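Undergrad: Quick one, what's the 3D model for this:
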Amino acid sequence: MPFFDALRMAEEKGFDLVEVAPQARPVVCKIMDYGRYKYEQSKRDKESRKKQHVVSLKEVKMRPNIEDHDFDVKAKNAIRFLQDGDKVKVTLMFRGREIVHPHLGQQILRKLAEQVQDMATVERHPKLEGRNMIMILAPTAQKQE
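TA: Numbering: from 1, shown residues only. As a prediction, this is how the structure comes out:
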């Protein structure tokens, strides 16, 4: 149907001529209420965004001379973040002369990686950046509901 005929028909009915598939040949148009069409499309977009999970980066900070109980608390926090489907950035902060013993930091980060190995993979191995040693853990499987 010619464009002007379709436009005239839409105006007679009190609706709008909406282009639905501009890539198709010939172009596909519908006679409908454009405001309602936009509203329904925004509802569909909003519904699809609800079903998506945005992976965020959570951080757990520790020191090289951390006590066992404190380490366990930090490990539990990391496990909780991983179960929620978030990545975990583990930062080991060195102060003063502690920086001359980076092997202590690597031991602690390796110990944490072993504790969470069933639910996470090491995305970025421990690396010294300035006075901090950083490791990134990513969840292996998505949260089961």
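Undergrad: Need phi/psi at Lys58.
TA: phi -100, psi 150 (degrees, to the nearest 10).
Undergrad: which residues touch it?
TA: Lys58 makes contact with 78, 81, 86-89, according to CB atoms under 8 Å, 6 or more residues apart in numbering. Where you see a C-beta, it was placed from the backbone N, CA and C, and this is true even at glycine.
Undergrad: Show me the strands in this structure, by range?
TA: 16-21, 28-32, 57-62, 87-93, 120-129, 132-139 (DSSP state E).
Undergrad: With mean pLDDT added, can I get the ones you listed in TSV?
TA: Converted to TSV, the strands of the chain look like this (pLDDT from 0 to 100):
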stretch	mean pLDDT
strand 16-21	84
strand 28-32	87
strand 57-62	93
strand 87-93	94
strand 120-129	91
strand 132-139	93
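Undergrad: Now do the domain split for this structure, please.
TA: Domain segmentation of the chain under automatic domain parsing yields 3-50, 57-139.
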